[in-house]
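Asker: turn this into a model:
(one chain, ligands or ions: 1)
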Amino acid sequence: MSADIIDGKAFAATVRAKVATHVATLKADHGITPGLAVILVGEDPASEVYVRNKGKQTAECGMNSFEHKLPADTSEADLLALIDQLNNDPAVHGILCQLPVPDHINQNLGINAIIPEKDVDGFNILNVGRLATGQTSMVPCTPLGCLMMLRDKHGSLSGLNAVVVGRSNIVGKPMAQLLLKDSCTVTIAHSRTKNIEALCRNADILVAAVGRPEMINADWIKPGATVIDVGINRIPAPERGDGKMRLVGDVDFASASEVAGAITPVPGGVGPMTIACLLANTVTACCRANGLPEPEGLTA
Ligand code: NDP
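Answerer: Sure, this is the predicted structure:
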């Protein structure tokens, strides 16, 4: 069998187009421009690239983008003061604090200082609790992107066996909650899970969010299953020249795609969906803040 490739790049473009259409309507009919504020503390090069991409894509969708770059030695109090200012700014509908923050800042304190209504990352403890209890919440972007692709592939997910490998707060746990909400039978696997291969082989939907290059191969996959590879791992690529690197997922794409029914590639799968869902969450937050209907197909 040769799996269908789920094209995250193309899917993300359709999500951004929906966002842009909704933004245009908000502007034309209500005079409202959604705004996303991104805070970056320090000079981590990878984070700077992400923040730049976020700003660019936010503007391309017609939204206001507010960037706040703070020096690495910014005090916790100054960060919290900025968050408080943005919480109270009516032009800002979404706030994202790029993680990780420097060690001297309590990350959870920062995350929970963002009011839940503007917490477009969905990491605030109130949003985590709301998601877990089936209440309206902001949903973390990467799992939301995975859910959108799965719904697109399967229509209804009801009754499917889903295994999520990884139990982080940003991917594994919210992913499992979303699949449960869509009536999958969900198992979360992690580094202590016994017989993990056999467990995964029972999955109609297998989500890999581990951070281990190509750990999951064809032997772990039920024939015909849908495999969502969240992993982004940089490994040496001597074939490309001295010191060159390439990106691979947590799934061994070459063997897995012979067994799976559908699979996301790395790069070009889940990755592009994350920023697209951040934009989607910002529009959703803006609509909720103004008592307007939420955009269809952009929320969980
Ligand atoms: P974490 O390191 O926070 O979590 C990894 C999880 O994998 C943990 O729960 C860990 O288990 C589990 N794990 C580790 N080793 C094994 C193993 N041998 N067998 C089974 N489970 C194992 O990672 P994240 O969730 O933040 O990210 C996961 C991957 O997704 C990374 O590659 C990251 O770069 C990528 N990512 C991609 C995004 C995107 O936009 N596409 C966004 C976010 C992340 P335990 O809890 O027991 O230690």
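Asker: enumerate every residue touching the spatially most central residue of the chain.
Answerer: Centroid-nearest residue in the chain: T142, 1.4 Å away (criterion: Cα atoms, centre = their mean). Contacts here follow Cβ atoms under 8 Å, 6 or more residues apart in numbering; on that basis T142 touches I170, V171, M175, A209, V230, V270, M273, T274, C277. The C-beta positions use only the backbone N, C-alpha and C, and glycine is treated the same way.
Asker: for the ligand, what are the nearby residues on the stretch 101-250 of the chain?
Answerer: 142, 165-168, 170-172, 189-193, 196, 209-212, 230-233 (Cβ under 6 Å from any ligand atom).
Asker: buried ones among those residues?
Answerer: 142, 165-168, 170-172, 189, 196, 209-210, 230-233 (16 or more other Cβ atoms under 10 Å).
Asker: burial of A28, as a residue count?
Answerer: By other Cβ atoms under 10 Å, 9 other residues sit near A28.
Asker: how about whatever helix or strand it lives in: buried residues?
Answerer: Of the helices and strands defined by DSSP states H and E, A28 is found in helix 8-30. If you call a residue buried by 16+ other Cβ under 10 Å, then helix 8-30 has these buried ones: G8, F11, A12, V15, R16, K18, V19, A20, H22, V23, L26.
Asker: pull the CA atoms of that helix into PDB?
Answerer: C-alpha atoms of helix 8-30 as PDB (Å, rounded to 0.1, in the frame of the first residue of the first chain):
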ATOM      1  CA  GLY A   8      -0.100  20.400   5.400                       C
ATOM      2  CA  LYS A   9       1.300  23.200   3.400                       C
ATOM      3  CA  ALA A  10      -1.700  23.300   1.100                       C
ATOM      4  CA  PHE A  11      -4.100  22.700   4.000                       C
ATOM      5  CA  ALA A  12      -2.500  25.600   5.900                       C
ATOM      6  CA  ALA A  13      -3.000  27.900   2.900                       C
ATOM      7  CA  THR A  14      -6.700  27.100   2.800                       C
ATOM      8  CA  VAL A  15      -6.900  27.900   6.500                       C
ATOM      9  CA  ARG A  16      -5.100  31.200   6.000                       C
ATOM     10  CA  ALA A  17      -7.400  32.000   3.100                       C
ATOM     11  CA  LYS A  18     -10.500  31.400   5.300                       C
ATOM     12  CA  VAL A  19      -8.900  33.600   8.000                       C
ATOM     13  CA  ALA A  20      -8.300  36.400   5.500                       C
ATOM     14  CA  THR A  21     -11.800  36.200   4.200                       C
ATOM     15  CA  HIS A  22     -13.200  36.400   7.800                       C
ATOM     16  CA  VAL A  23     -10.900  39.300   8.600                       C
ATOM     17  CA  ALA A  24     -12.100  41.200   5.500                       C
ATOM     18  CA  THR A  25     -15.700  40.700   6.600                       C
ATOM     19  CA  LEU A  26     -14.900  41.900  10.200                       C
ATOM     20  CA  LYS A  27     -13.300  45.000   8.800                       C
ATOM     21  CA  ALA A  28     -16.000  45.800   6.200                       C
ATOM     22  CA  ASP A  29     -19.100  44.900   8.200                       C
ATOM     23  CA  HIS A  30     -18.000  45.900  11.800                       C
END
